[in-house]
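Peer 1: what would the 3D arrangement of this be:
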Amino acid sequence: PVLRIIDARTGEPTDAARARRSPVRVHARASRYDTTGLRVLLVADVLVRALELGGTPVWPTLSGTADQADLRAGAAALGIRPFEDHHDTATGPGEPRTIHVLGPDAKEDDTRSGAAASGVRVEVAPVEEPGGTGPADPTVLRLALLTHRRDEPVRLDAATLADADETLTRWRAAVAGWATRPSRPVPDDVRQRLRDAWEDDLDVPAVLSVLRWVETSDVPEGARFETYAYADRLLGLELTRQIGASL
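Peer 2: Numbers count the residues shown, from 1 in each chain. The predicted structure follows:
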């Protein structure tokens, strides 16, 4: 199995890595510090996680905004791992494949300047925030963003955030309960369904759908725990946070 990404430049699926264990640079390009910029970094972060789960060495880099300090701080609060500063390098047979993850403003900047960066392009749709305060738990925002495909605009209204909050609270409590049961391995068919989802153009909503099915399935509770812990290596939602909290 290999992660395949639809290249926004061509509309065709392509292997994220040139060959097994061939290094990949994931270049996040965020034009400003806002929730859309954070969504760009979140998509890049999940892409890095998916590649690493498949055994691919990854080099994450960031460019494109003057307020990088604020962007990096906001990203860290969302559980997004650090990115190095991006420096343009010559491309060639010996260079890592580059996957550019960019928001709508970065795409417009390319069009205006005539730039056409080499490599695969992954485009991220904007986030609309009707107003109000954000969630107290940043991972609620992370889940709300991950619930939508990256190419779909997201409206972060109160209902969207409340649904993410309820889901995250329920899953963390369930995982803490399942952790007290005898451990069982992730069932092979469930593991395959999860990998099939994220290796098919990084379909995170499909990964979440598998978890919703597992939650109420006849999968043994110990295996449900291991399934959620395994999927969280991709999702980064701290689903095991409440284990032992009541002890």
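
Peer 1: which residues in this structure form strands?
Peer 2: 4-7, 12-15, 24-29, 58-63, 84-85, 97-102, 120-123, 127-128, 154-155 (DSSP state E).

Peer 1: show me what the third one is packed against.
Peer 2: Based on contacts counted as 3 or more C-beta pairs under 8 Å, 6 or more residues apart in numbering; DSSP states H and E, the elements that strand 24-29 packs against are helix 35-53, strand 58-63, strand 97-102. Where you see a C-beta, it was placed from the backbone N, CA and C, and this is true even at glycine.

Peer 1: want to try TSV for those, with distance to Asp165 and mean pLDDT as columns?
Peer 2: Below are the helices and strands packed on strand 24-29 laid out as TSV (distance: least, C-beta to C-beta, whole Å; pLDDT from 0 to 100):
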stretch	distance to Asp165	mean pLDDT
helix 35-53	16	96
strand 58-63	28	94
strand 97-102	26	94
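
Peer 1: and of those, who's closest to Ala245?
Peer 2: helix 35-53 (25.1 Å; C-beta to C-beta).

Peer 1: give me the buried positions along the closest one.
Peer 2: 35-51, 53 (16 or more other C-beta atoms under 10 Å).

Peer 1: hang on, the earlier thing: right, and the helices and strands packed on strand 24-29 - which one's nearest Arg150?
Peer 2: Closest among the helices and strands packed on strand 24-29, using C-beta to C-beta: helix 35-53, at 4.9 Å.

Peer 1: now do that closest one and strand 97-102, the angle between them.
Peer 2: 150 degrees (axes from the mean of the first three to the mean of the last three C-alpha atoms, to 10 degrees).

Peer 1: next one: helix 35-53 to chain centre, how far?
Peer 2: Helix 35-53 sits 4 Å away from the centroid of its parent chain (C-alpha atoms, centre = their mean, to the nearest Å).
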